[in-house]
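*Asks:* kindly generate the corresponding structure for this input.
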Amino acid sequence: MQIYKVGGAVRDRLLNRPFSDTDWVVVGASADDMLAQGYRPVGADFPVFIHPQSGEEYALARTERKSGRGYGGFTFYASPDVTLEEDLIRRDLTINAMAEDTHGRVIDPYGGQHDLQARLLRHVSPAFAEDPLRVLRVARFAARYAPLGFSVAPETQALMRELSESGELEALTAERSWKEISRALMEPRPDVFIQVLRDCGALTVLMPEVDALFGVPQPPQHHPEVDAGEHVLAVLRQCAEHDQPLSVRWACLAHDVGKGKTPPEDWPKHHAHEHLGLPLIAALNARFKVPRDCQELAQLVGEYHTHAHRALELRPNTILDLLQSFDVYRRPQRFEEFISASEMDARGRHGLELREYPQADYLRGAAQAARAVAVQPLLEKGYKGAELGEALKRERLAAIKAYKESYAG
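*Replies:* Sure, this is the predicted structure:
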């Protein structure tokens, strides 16, 4: 039995990057051998075991063969006679197909170290094209390592395009797709993830609502970048630079999809794009079974982000309705994330990344004024039921009016 460190831990050590998870592969052992040494089996698909002390995962060396569509369409063969090289060749990228022995020696049969130096994301073998999930994975790695200068090798991009055109991407489950998408959006360059998907034709399959934005013009006085798709990429980059949470990044990706529905004769204006986008955002949310907090924020940002941009011009009753829409009294954090998403939208415009966004503090102050209205004095006056709700609304509206009059931006 020989044990090797494999995958990301080897790759990131060679890049001098921190890593948290370590994967191990065991060559020359059977499942019975592992059980005899106290390892605990996990999963039914292929033989993976938990180390009795460290709790880390150890997988038997295995080969795999395509047996159906999608990510799960494989049969695995694990046996003591499977070599390390046979195990490594089934992996996606050369930089992920390296191993390290107990002496720290790197085993690199497929040129991973060369591609690390060349800053290339290159597939290991033609078997790459058998797994559609790898399109998303490569795009995610591109988003992670773009700051280091990595790009996708042309021959790998060609295989990704073949996969995109084959119909295999449609066989991916919502859960697997969302896992990759959500991780990619949290990488240092989520905009690169979307760009790589678009370059290989995968974006039009996975997110046609977003893909439709590219080539759609916007008014240059508000959007110096003009192209609506380029704007979304710039907004995502701002999200990463300002360390926004996943919910904000997902909302920012989806916020302008309604512009893809504007008739070309109306370009570059996009009247009512907020409402045109709502069913498209709902479709995106449903397609990937997006978590509820991300779903709700995306819908609200899509509908109200232009309200935020015009916040200083809004009438008090419009601001009150906005606060009600967000249930700001019980869920203040969601409104804060809305403000953040709107600010990222405002900054995601070429040459305007550093401009001030006074609307953010103005909206926070309005919300604070409305929340400061106490219920108890109204109860003491005898209000209850629907009358209490109306009285509370009047008091909050008065508080917002007073705030607006006193505000000095």
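
*Asks:* can we go C-alpha only for contacts and neighbour counts from here?
*Replies:* Noted.

*Asks:* got the buried residues for stretch 241-254?
*Replies:* Using 16 or more other Cα atoms under 10 Å as the burial criterion, the residues of stretch 241-254 that qualify are 244-254.

*Asks:* turn these into a markdown table, columns for secondary structure, pLDDT and distance to residue 306.
*Replies:* Written out in a markdown table, the entries for these read as follows (DSSP: H, G, I helix; E, B strand; the rest coil; pLDDT from 0 to 100; distance: Cα to Cα, whole Å):
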| residue | secondary structure | pLDDT | distance to residue 306 |
| --- | --- | --- | --- |
| 244 | coil | 98 | 20 |
| 245 | coil | 98 | 21 |
| 246 | helix | 98 | 21 |
| 247 | helix | 98 | 18 |
| 248 | helix | 98 | 16 |
| 249 | helix | 98 | 17 |
| 250 | helix | 98 | 17 |
| 251 | helix | 98 | 14 |
| 252 | helix | 98 | 13 |
| 253 | helix | 98 | 15 |
| 254 | helix | 98 | 14 |
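
*Asks:* which element is the nearest residue to residue 48 once chain neighbours are set aside on?
*Replies:* Nearest non-adjacent residue to residue 48, counting by Cα to Cα, 6 or more residues apart in numbering: residue 59, 4.3 Å away. Element membership for residue 59 (DSSP states H and E) is strand 57-60.

*Asks:* show residues contacting that strand.
*Replies:* Outside strand 57-60, the residues that touch it by Cα atoms under 8 Å, 6 or more residues apart in numbering are 22-27, 29-31, 47-51, 78-79.

*Asks:* quick one on the thing from earlier: look up which residues are beta-bridged to the residue nearest to residue 48.
*Replies:* Assessed by DSSP bridges, residue 59 has beta-bridge partners residue 25, residue 48.

*Asks:* what about it, distance to residue 301?
*Replies:* Relative to residue 301, residue 59 is positioned 44 Å away (criterion: Cα to Cα, to the nearest Å).

*Asks:* more neighbours: which of those two?
*Replies:* residue 301 (27 against 21; other Cα atoms under 10 Å).

*Asks:* contacting residues for that one?
*Replies:* 251-252, 255, 338, 341-342.

*Asks:* of all those, which two lie farthest apart?
*Replies:* The most widely separated members of the contacts of residue 301 are 255 and 338, with 10.9 Å between them, by Cα to Cα.

*Asks:* what touches both of those two?
*Replies:* Applying Cα under 8 Å, 6+ apart, one finds that residue 255 and residue 338 are jointly contacted by 301, 305.

*Asks:* settle it for me: which of these two has more neighbours?
*Replies:* residue 255 (31 against 25).

*Asks:* ok, that one touching residue 306?
*Replies:* No: taking Cα atoms under 8 Å as the contact criterion, residue 255 and residue 306 are not neighbours in contact, 10.1 Å apart.

*Asks:* so what sits against both of the two?
*Replies:* Overlap of the contact sets of residue 255 and residue 306 (by Cα under 8 Å, 6+ apart) consists of residue 274.

*Asks:* list the buried residues in the one helix or strand residue 295 maps to.
*Replies:* For residue 295, the host element (DSSP H and E) is helix 292-309. The neighbour-count check on helix 292-309 (16+ other Cα under 10 Å) flags 294-305, 307-309 as buried.

*Asks:* for that helix, give the mean pLDDT please.
*Replies:* Predicted confidence along helix 292-309 averages 98 (mean pLDDT).

*Asks:* can you state the direction angle for that helix and helix 246-254?
*Replies:* 60 degrees (axes from the mean of the first three to the mean of the last three Cα atoms, to 10 degrees).

*Asks:* all helices for the stretch 1-150 of the chain, in order.
*Replies:* Along the stretch 1-150 of the chain, the stretches classed as helices by DSSP state H, counting those that start in this stretch are 8-14, 31-36, 84-89, 112-118, 133-145.

*Asks:* so which of the ones you listed is the most packed in?
*Replies:* For the helices of the stretch 1-150 of the chain, the stretch with the most neighbours on average is helix 133-145, a mean of 24; neighbours defined as mean count of other Cα atoms under 10 Å.
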